[in-house]
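> predicted model, plus sequence, below.
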Amino acid sequence: MGGLLVVLLAFSVGTEHQRSTQVMGRTHRCGAAISASWLVSGTPDTASNATRAADAQPGEAAACGRVIRQSRVVLLTTMGIGGLMALAGWTRILARREVEPPESAPVHA
């Protein structure tokens, strides 16, 4: 149960939390680590990195790219650990069910 919560929490942070960085004293918004186009096919990203890169200075695009990559690595690693925790928990539950004797034993008369 805890593993699934970790996966859901990391996913929600990745889709909702807007990243930002500072270049030459100015703050630039970089967008979310998990973009909307990853979730639903054909959904335009309102703040996509490609659109931003065309409008931004080279330093801004590189800084935002670095921030988004680092954020994705952390989020995907956290989601992977949560998935492994969920898998381990599920395996333990199944193993416990196999070991426990049934509650009612048949009576042979």
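Yep, it's here. Numbers count the residues shown, from 1 in each chain.
> can you show me the helices along the chain?
For the chain, applying DSSP state H gives helices covering 2-16, 36-39, 49-55, 58-99.
> lowest-pLDDT helix or strand in the chain?
The weakest-scoring helix or strand in the chain, judged by mean pLDDT, DSSP states H and E, is helix 49-55 (a mean of 48).
> picking up where we left off before, nearest to residue 24, out of the helices of the chain?
helix 58-99 (7.1 Å; C-beta to C-beta). The C-beta positions use only the backbone N, C-alpha and C, and glycine is treated the same way.
> quick check: angle from that closest one to helix 2-16?
Computed by axes from the mean of the first three to the mean of the last three C-alpha atoms, to 10 degrees, the angle separating helix 58-99 from helix 2-16 equals 160 degrees.
> what mean pLDDT does helix 58-99 have?
Mean per-residue pLDDT for helix 58-99: 86.
> just stretch 13-26 next, same as before
Rounded mean pLDDT across stretch 13-26 is 81.
> ok now it, how far from the chain's centre?
17 Å (C-alpha atoms, centre = their mean, to the nearest Å).
> please apply the same query to stretch 80-91.
15 Å.
> residues of it that come out buried?
Of all the residues in stretch 80-91, those buried under the rule 16 or more other C-beta atoms under 10 Å are 82, 85, 86.
> got the contact list for that stretch?
Here stretch 80-91 makes contact (C-beta atoms under 8 Å, 6 or more residues apart in numbering) with 1, 2, 3, 4, 5, 6, 7, 9, 10.
> mind putting the residues you listed into TSV with neighbour count?
Below are the contacts of stretch 80-91 laid out as TSV (neighbours: other C-beta atoms under 10 Å):
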residue	neighbour count
1	9
2	10
3	18
4	14
5	12
6	18
7	19
9	13
10	22
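> of the residues you listed, closest to residue 70?
After measuring the contacts of stretch 80-91 against residue 70 - C-beta to C-beta - the closest member comes out as residue 10, at 14.3 Å.
> where does that closest one land on pLDDT?
So residue 10 comes in at 87 (pLDDT).
> of the buried residues of stretch 80-91, closest to residue 37?
Distances from residue 37 to the buried residues of stretch 80-91, taken by C-beta to C-beta, are shortest for residue 82, at 23.3 Å.
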